[in-house]
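A.B. asks: Here is my input, please return the structure:
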Amino acid sequence: MKILLVCNAGMSTSMLVSRMEKAAQARGLSIEIQAVPITKAETMLKEWDIVMLGPQVRHQLNYLIKKAEGQTPIQVIEMRDYGMMNGEKVLDAALKVIGE
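C.D. replies: This next block holds a predicted model:
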C-alpha cells in the first residue's frame, strides 16, 4: 500500500509522514508513505494508491483529479488532523478511501 502526501514544498508533511508510519507500524501494516511538493506530485499521481493533499494546497484538488484520470483517489487532509499532525486519523482516512 502506498500513500502520497502533498503540500507546498513537501516539508510540512514530513512530520506527518513519520507519525503515520508509527501508527501503521503499531497496527502491523506495511505501508509506504512519502511527502512531496505539489510541483512533483502531478508527475507521480498514478503510482500511488491514494494521494492526500495538505489543506494549504486544496485549491489544486480538481486539477490533480483530472491529472489522475480516475486511476488514483485524491483527497484533502482534514485541516484539524493536519494541524495537530494526527498520524492516526490521517492514516484512518486514507485506509477508508482505499478500502483497507
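
A.B. asks: beta partners for residue 36?
C.D. replies: residue 6 (DSSP bridges).

A.B. asks: so what's it scoring on pLDDT?
C.D. replies: As predicted, residue 36 sits at a pLDDT of 93.

A.B. asks: Same question for the one 5 residues further on.
C.D. replies: According to the predicted model, the pLDDT of residue 41 comes to 91.

A.B. asks: How many residues are close by the nearest residue to it once chain neighbours are set aside?
C.D. replies: The shortest distance from residue 41 to any non-neighbouring residue, by Cβ to Cβ, 6 or more residues apart in numbering, is to residue 6 (4.4 Å). C-betas here are computed from N, CA, C, even on glycine. Residue 6 is flanked by 29 other residues according to other Cβ atoms under 10 Å.

A.B. asks: Contact partners for residue 6?
C.D. replies: 13, 35-38, 41, 51-54, 57, 60, 64 (Cβ atoms under 8 Å, 6 or more residues apart in numbering).

A.B. asks: Name the residues of stretch 29-36 that come out as buried.
C.D. replies: Of all the residues in stretch 29-36, those buried under the rule 16 or more other Cβ atoms under 10 Å are 31, 33-36.

A.B. asks: from the residues you listed, which is closest to residue 76?
C.D. replies: Using Cβ to Cβ, residue 35 is the member of the buried residues of stretch 29-36 that sits closest to residue 76, with 14.9 Å.

A.B. asks: since we're on the closest residue to that closest one other than its chain neighbours, how many residues are nearby?
C.D. replies: Spatial nearest neighbour of residue 35, excluding adjacent residues (Cβ to Cβ, 6+ apart): residue 13 at 3.8 Å. Neighbour count of residue 13, defined by other Cβ under 10 Å: 29.

A.B. asks: related to what we said a few turns ago, any idea how far the residue nearest to residue 41 is from residue 58?
C.D. replies: 10 Å (Cβ to Cβ, to the nearest Å).

A.B. asks: after the lowest-mean-pLDDT helix or strand in the chain, next one along is what?
C.D. replies: When each helix and strand of the chain is scored by mean pLDDT, DSSP states H and E, helix 38-41 comes last, with a mean of 90. Towards the C-terminus, the helix or strand next in line after helix 38-41, according to DSSP states H and E, is strand 50-53.
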